[in-house]
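**Q** I would like the atomic coordinates for the input below:
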Amino acid sequence: MNSRTDVLVIGGGATGAGIARDLALREVDVTLVERDGLAAGASGRSHGLLHSGARYAEADEAGARECLRENRILRAIGGECVRHTRGLFVQLAGDDPDYFEEKRDACADIGIPTEVVDANEIRAELPALNHDVERAMWVPDGVVVPSRLVAANAADARDHGAKILTHAPVTSMTLEEGEDGPGTREISQVSIGGELERTIEPEIVINAAGAYAEGIGELAGVSIPMRPTRGVMVSVEYDAFEPVLNRCRDPDDGDIIVPHDEEVVLGTTSVPVNDPDEYEQPAWEVERTITECSKLVPDVSERAITRTWWGVRPLYEPDEAARGGRGISRGFVRLDHADDGVENFLSIVGGKLTTYRQMAEATADLVCEKLEVDAECLTADVSLPNAEDPVKLDAYVREFDAGGPSDADILGRR
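**A** Numbers count the residues shown, from 1 in each chain. Presented below is the predicted three-dimensional model:
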């Protein structure tokens, strides 16, 4: 079976679904393919932190501003795809007080709202905190429910004419001589496996495959060097814990606690992997994460573990090398492979769950420029469909097989 589309999006995480939604709202003919269910990669295997920008404020002002803007947009359009908690950066005894001051000053310069509280005040409000807390700083962090977020984006794309094909792995690409003549190429056909077994003839192909972007690039004869790293998340029973907790120090293992309804998610580690499908999942990462997070909230080490999972970050090698690796903002990079001789191939790599919508907008802008489509992005102003109805959102999750470990405890409870 053959079909045509103006734009083929490869990858059904938040960014891919966001691109499909953005283009569909601009009335562009778009098809999304995902080898598994939606949100099967990094989006559905994250800790689900909705960044305020504070984590990156002193290291990457531009990235922090992106997070702050997208945080506010997602709170406005996301409904029950977002949980409106607060966030707290905690300085413990022995943590560098200058780091705390630097972060507070950087947040003030960027416009990230903060409120500093002393040890007595924060212990009274959050008695579970380690008694070694010296001071803390409130920031507008929140929590994303990624399965709902991705599925709602896909549903809105579908409702505006997009085709969303799950369990549809890309198996090969056919390239022909490009319109610019010898030395240039373009993707004329993309073969899809699985039960669908079809060939798609696209005008433009977008690689939004996350940690798998390098492999998709190879099918088009393009080098996309990735530096994927794994990170563990550990969810433990813990009822009625509100704020996101961040250890106020240089980012390291076990420095984030993300609240859910009746659990908290402890994270995370950062270990390079060669293959995003095949990697170790050692016990030491779980143990280290629990040990480090218990320095923020001592009794998390005594709580029952409900589930443990690893996610693989889709980090772009040249960007990571330039930025210095862990601890620096996870910026995104938009690649136009016309520069590599493939005229109708784009990739979007790197980034964070919080900035998925901006990544989609940047990609859709370039697509519309290439297709000569005069249409503005609407996704910052139009709410996700049925955003305030968790029952309908969870129905979207089932429809697109988008359930993942990040929010398995939340889905279906509201």
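**Q** Which residues are in contact with Val170?
**A** Ile10, Val33, Arg35, Val190, Ser191, Ile192, Gly193, Ile216, Leu219 (C-beta atoms under 8 Å, 6 or more residues apart in numbering). The way it works is simple: take the backbone N, C-alpha and C, and place the C-beta from them, glycine included.
**Q** can you redo these as JSON lines with secondary structure, pLDDT and distance to Glu203?
**A** As requested, those are exported to JSON lines (DSSP: H, G, I helix; E, B strand; the rest coil; pLDDT from 0 to 100; distance: C-beta to C-beta, whole Å):
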{"residue": "Ile10", "secondary structure": "strand", "pLDDT": "98", "distance to Glu203": "14"}
{"residue": "Val33", "secondary structure": "strand", "pLDDT": "98", "distance to Glu203": "15"}
{"residue": "Arg35", "secondary structure": "coil", "pLDDT": "97", "distance to Glu203": "22"}
{"residue": "Val190", "secondary structure": "strand", "pLDDT": "98", "distance to Glu203": "12"}
{"residue": "Ser191", "secondary structure": "strand", "pLDDT": "98", "distance to Glu203": "17"}
{"residue": "Ile192", "secondary structure": "strand", "pLDDT": "97", "distance to Glu203": "17"}
{"residue": "Gly193", "secondary structure": "coil", "pLDDT": "96", "distance to Glu203": "22"}
{"residue": "Ile216", "secondary structure": "helix", "pLDDT": "98", "distance to Glu203": "17"}
{"residue": "Leu219", "secondary structure": "helix", "pLDDT": "97", "distance to Glu203": "18"}
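**Q** farthest-separated two in those residues?
**A** Using C-beta to C-beta, the two most remote members of these are Gly193 and Ile216, lying 13.7 Å apart.
**Q** Pick out whichever of the two has more residues nearby.
**A** Ile216 (23 against 15; other C-beta atoms under 10 Å).
**Q** Pretty sure Ile10 is one of the things the more buried one touches, is it not?
**A** Yes - assessed by C-beta atoms under 8 Å, Ile216 is found in contact with Ile10 at 5.6 Å.
**Q** got any residues that touch both of the two?
**A** Shared contacts of Ile216 and Ile10, counting by C-beta under 8 Å, 6+ apart, come down to Val170, Asn207, Ala209.
**Q** ok, so of these, who is nearest Pro140?
**A** Nearest to Pro140 among those: Ala209, at 31.2 Å, using C-beta to C-beta.
**Q** How much space separates the residue lying closest to that closest one once chain neighbours are set aside from Leu353?
**A** Once flanking residues are discounted, Ala209 sits nearest to Gly11: 4.0 Å by C-beta to C-beta, 6 or more residues apart in numbering. In this view, Gly11 and Leu353 are 14 Å apart by C-beta to C-beta, to the nearest Å.
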